[in-house]
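Participant: quick check, what structure comes out for this input:
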Amino acid sequence: MQRLRATAFLTVAVLGATACGSATQTDVAPPPAEPTPAAEPAETTAVGTGAVHVYRHDGTAWVRTATIVAPGDRFGRALAFGQDGNLLLVGSPGFVTGAVNVFHHDGTTWTEEARLVSSAGDPSFGSSVAWSAGRALVGAPAQPGPAGAGQGGALVPVRIYRFQGGAWGLEQELPPRGWPF
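Facilitator: Residues are numbered from 1 along each chain as shown. The predicted model follows:
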């Protein structure tokens, strides 16, 4: 089996002793001569698959503890940690519609808790993400507008999501100030 490697991290996020970097799996490298150490999970994903590599600082060095993969090379274009590094927002702007995957760390495993998508179908939704006071903030630089709308499309608000009653829901939209800035 071939081992796939990322050429470079596209985005990084750090919170305390936890860090992550995202990359597109594009390089095909020969399998390692020796087995992959337990601290370095094997990468056996397809070319064009996005990946987020999670690291923890053990007091001496940064050690990769997990690799989260998903189809599409835009997975991980935006990253943010929340809840003391146990929650990870992964932005994935798309060609048709963008998304933000919310992952929770239980001390051992990263599990997808939710997938946030724009009700408007914004392709750039998830281009930026942030975490503040128990809320996920999601940005999208522009959404497609009608022909002749000017400036490449309509301006899009920052959307604020909150986990309440066992589910993530849209809490508020912060409207853009308008064009030009």
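
Participant: buried set for stretch 111-130?
Facilitator: Of the residues in stretch 111-130, 114, 116-118, 122-130 count as buried by neighbour count, 16 or more other CB atoms under 10 Å. No exception for glycine: its C-beta is placed from N, CA and C like everyone else's.

Participant: can you list contacts of that stretch?
Facilitator: Contact with stretch 111-130 is made by 77-80, 87, 89-105, 136-144, 156, 159, 161, 167-168, 170, as judged by CB atoms under 8 Å, 6 or more residues apart in numbering.

Participant: kindly report the same for stretch 136-143.
Facilitator: By CB under 8 Å, 6+ apart, the surrounding residues in contact with stretch 136-143 are 78, 80, 82, 89, 91, 93, 98, 100, 102, 116, 118, 120-131, 151-156, 158-162, 168.

Participant: skipping its backbone neighbours, what lies nearest Q172 in space?
Facilitator: Computed as CB to CB, 6 or more residues apart in numbering, the closest residue to Q172 that is not its neighbour in sequence is I160, at 4.6 Å.

Participant: which other helices and strands contact whatever helix or strand that neighbour lives in?
Facilitator: For I160, the host element (DSSP states H and E) is strand 158-164. Applying 3 or more CB pairs under 8 Å, 6 or more residues apart in numbering; DSSP states H and E, we find strand 158-164 packed against strand 135-139, strand 167-174.

Participant: run the angle between that strand and strand 167-174 for me.
Facilitator: Counting by axes from the mean of the first three to the mean of the last three CA atoms, to 10 degrees, strand 158-164 lies at 150 degrees to strand 167-174.

Participant: can you show me the CA trace of strand 158-164 as PDB?
Facilitator: Only the C-alpha atoms of strand 158-164 are listed here, as PDB (Å, rounded to 0.1, in the frame of the first residue of the first chain):
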ATOM      1  CA  VAL A 158     -20.700  35.900  10.100                       C
ATOM      2  CA  ARG A 159     -23.000  33.200  11.400                       C
ATOM      3  CA  ILE A 160     -22.900  32.300  15.100                       C
ATOM      4  CA  TYR A 161     -23.800  28.800  16.200                       C
ATOM      5  CA  ARG A 162     -24.400  27.500  19.700                       C
ATOM      6  CA  PHE A 163     -24.800  24.100  21.300                       C
ATOM      7  CA  GLN A 164     -28.100  24.000  23.200                       C
END
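
Participant: poorly predicted segments of the chain, please.
Facilitator: Applying pLDDT under 70 to the chain flags the ranges 1-8, 24-49, 72-73, 142-156, 177-181.

Participant: for it, what spans make up the helices?
Facilitator: In the chain, no helices are defined using DSSP state H.

Participant: list only buried entries from the contacts of stretch 111-130.
Facilitator: Buried subset of these (neighbour count, 16+ other CB under 10 Å): 77-80, 87, 89-94, 97-105, 136-140, 142-143, 156, 159, 161, 168.
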